[in-house]
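In: structural data only, the sequence is not supplied:
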RNA sequence: AGGGCUGUCGUUCAAUUGGCAGGACGGCGGAUUCUGGUUCCGUUGAUCAAGGUUCGAGUCCUUGCAGCCCUGCCA
């Protein structure tokens, strides 16, 4: 393998191209430092996974670092439950952060930076009401008008801001604003709010503060303090970038005037020593993930949870990390998905089929195989002795013998899948029909001799005879058998509950709905199917919760992490079905 | 004339920065198979539009068109 060092590398996403360029020009001396900055106001979902894989992946690929930083500047929306779940999900996905910071950990420094902005004449306290501010902001085509408080003296602003902090003022009395340009075409620059009064208990700082910094003020400055080089966020923040730059640049300008810090020399020294102020961070935006058939907005996900459409954040139908985990998706499959979808700037919606492909591919390699009957019907082998039991040894994985094997008992009465029998089978149906010979997986060839029905016409029993010469599921004469079926010995099988999940929504795009409807009107009440009368082979009895496996011919499953109890109550979640070409044929024949 | 961003197979991401538009998923067809699974092979199919520059344009220029974001004291 010869690597041409200066051969242009193809297929890199635009962010990596930017980093390559920065490395060439020596912008950060080859340093790459990213961060994943969630607000702890909800659980992580697959859209966050894209951002996580990007930010942590960059750190990995460029020998850099990636911080976890909770963007916790709005105490009324945030909670420790969410920070705990975010940390757990991140670890489960397989990523290790270099440092775990909190925006709230910077409240002190941010406060003094705000004072600095005031001293620089770059910020002022505005006593207009929220409504007045909105009214004076202007419109898309017309400039805003200056606040009557815009020209207060520095000392006046300083006194007022300190009063805000002191806690004497009620919420909404006044606000600290950046003094930029009320006529800017970009609204973000029309004197944006920097600090607001909120008498609210913060999940980390308690009641230390009654003023909290706004996102734009906090984010860029936090990046700078941490020495972030590439601050990657989603497209809707493109308009915020000039404000991001204004905050960082204003601080850097302020740091060149140490005298402004006055009695706060300590803070100055701390700030000036941070790496980010010699090599400032820049913000880059990429398109957030959309997937067909689901919603990926925290607001909508929280609504599904709170209004009881799902059982919780980890309901296996949820596109949350915890939902996918409980459903049986592996971290590897999610990471693979995130790599395949790419990173770009155009809004796009990825087909859910790609995610399914990723799990199937991963699970095909790693999931041990078992037999289980979902919709059982009795199969009686009439020429098989009542008291006889065969024990067949079957490999746990067809392509990897390191998985070992397990013993599967066989007896006269078996459970088979109702859908594997047809009274009037068409030619393309390879399974059981009267007079047809099929293979019972790893056991015997059997020939159907007849079936019984009850008064309602339901098939109650299927009868067959077996060929003792085909023990193990093959014959010396090499006769061709088209169909192979799974089975479970009725005497030895264990009853289990199986939960089949399908799309939560009845529409491909729950984000755009008919007039007068909302996305919850498209929740599919049948998206969870609970099967309580399933029969599985005895080897499954002691399976640990969270274990992935395959029911041959049916799909990939995972022992539920909440309700499955080894040895007593078996509960299996269907991760996804196997690809089913018979279903396709049926569909074609139905047309 | 508000500002910002984006338009490439059905979907998604590429195209050595002006040099034969490629891969993945999906679809279709076939081979193999003790899972109608897996694997393997083949196939389908795209540069938003119109002009211009050029030997040569997805890429550069001009003019349109379409979509997304921006008037929170949310992030």
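Out: Perfect, thanks for sending it. From a predicted model like this one, the values you see are computed outputs, not experimental measurements. Residues are numbered from 1 along each chain as shown, chains lettered A, B, ... in the order given.
In: report whether stretch A:183-201 contacts RNA strand B.
Out: Yes. Using C-beta under 7 Å from any atom of the strand, stretch A:183-201 reaches RNA strand B at A:185, A:186, A:187, A:188, A:192, A:193, A:196, A:197, A:198. Every residue, glycine included, has its C-beta placed from N, CA and C.
In: mind checking which of the residues you listed land in strands?
Out: Secondary structure assignment (DSSP state E) places A:193, A:196, A:197 from those within strands.
In: in TSV: those residues, plus pLDDT and neighbour count.
Out: As requested, those are exported to TSV (pLDDT from 0 to 100; neighbours: other C-beta atoms under 10 Å):
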residue	pLDDT	neighbour count
A:193	98	17
A:196	98	19
A:197	98	22
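In: of the residues of stretch A:183-201 next to RNA strand B, closest to residue A:104?
Out: residue A:198 (12.7 Å; C-beta to C-beta).
In: if I look at the closest residue to that closest one other than its chain neighbours, how far off is residue A:196?
Out: Using C-beta to C-beta, 6 or more residues apart in numbering and skipping residues adjacent in sequence, the residue nearest residue A:198 is residue A:212, 5.2 Å away. Using C-beta to C-beta, to the nearest Å, we find residue A:212 at a distance of 6 Å from residue A:196.
In: repeat that for residue A:343.
Out: Applying C-beta to C-beta to residue A:343 and residue A:196 gives a distance of 34 Å.
In: would JSON lines of the ones in strands among the residues of stretch A:183-201 next to RNA strand B with distance to residue A:172 be doable?
Out: Supplementary listing: these in JSON lines, determined by distance: C-beta to C-beta, whole Å:
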{"residue": "A:193", "distance to residue A:172": "11"}
{"residue": "A:196", "distance to residue A:172": "8"}
{"residue": "A:197", "distance to residue A:172": "7"}
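In: count of neighbours near residue A:499?
Out: Residue crowding around residue A:499 was assessed by other C-beta atoms under 10 Å; the count is 19.
In: and the closest residue to RNA strand B within the stretch 451-591 of chain A, what does it touch?
Out: Using C-beta to the nearest atom of the strand, the point where the stretch 451-591 of chain A gets nearest to RNA strand B is residue A:473, with a distance of 2.4 Å. Residues counted as contacts of residue A:473 (C-beta atoms under 8 Å, 6 or more residues apart in numbering) are A:439, A:440, A:441, A:442, A:443, A:444, A:445, A:484.
In: tell me the contacts of the fifth one?
Out: What that stands for is residue A:443. A:390, A:392, A:410, A:471, A:472, A:473, A:487.
In: over to the third one: give its phi and psi.
Out: Reported as degrees, to the nearest 10, the phi and psi values for residue A:410 are phi -130, psi 140.
In: please name the nearest non-neighbouring residue to it.
Out: When the adjacent residues along the chain are set aside, residue A:410 lies closest to residue A:390, with 4.2 Å between them (C-beta to C-beta, 6+ apart).
In: now do the one you found, the pLDDT please.
Out: pLDDT for residue A:390: 98.
In: quick one: the strands in the stretch 101-250 of chain A, in order.
Out: Per DSSP state E, counting those that start in this stretch, the stretch 101-250 of chain A carries strands over the ranges A:123-126, A:175-178, A:193-197, A:211-213, A:230-234.
In: domain assignment for chain A?
Out: For chain A, whose domains are defined here by automatic domain parsing, the residue ranges read A:14-286, A:291-364+A:494-591, A:372-486.
In: anything in stretch A:158-168 sitting right up against RNA strand B?
Out: No. Remark: stretch A:158-168 sits outside contact range of RNA strand B, by C-beta under 7 Å from any atom of the strand, the gap being at least 10.3 Å.
In: if you could redo that for stretch A:346-357, that was the one I meant.
Out: Yes. Stretch A:346-357 comes into contact with RNA strand B when judged by C-beta under 7 Å from any atom of the strand, the residues involved being A:346, A:347, A:348, A:349, A:350, A:351, A:353, A:354, A:357.
In: go on, stretch A:123-140?
Out: Yes. For a cut-off given as C-beta under 7 Å from any atom of the strand, stretch A:123-140 has contacts with RNA strand B, namely A:128, A:129, A:130, A:133, A:134, A:137, A:138, A:139, A:140.
In: ok, the second one - how many residues close by?
Out: Right, residue A:129. When neighbours are defined as other C-beta under 10 Å, residue A:129 has 13 of them.
In: so what's it closest to, chain neighbours aside?
Out: Closest to residue A:129 by C-beta to C-beta, 6+ apart is residue A:172, at 7.1 Å.
In: okay, the one you found and residue A:131: tell me how far apart.
Out: For residue A:172, the distance to residue A:131 under the criterion C-beta to C-beta works out to 10 Å.
In: give the contact list for the most centrally placed residue in chain A.
Out: Closest residue to the average C-alpha location of chain A: residue A:46 at 2.3 Å, with C-alpha atoms, centre = their mean. Counting by C-beta under 8 Å, 6+ apart, residue A:46 touches A:289, A:291, A:296, A:319, A:320, A:321, A:324, A:334, A:337, A:355.
In: farthest pair within those?
Out: Farthest-apart pair in the contacts of residue A:46 is A:320 and A:337; separation 14.6 Å (C-beta to C-beta).
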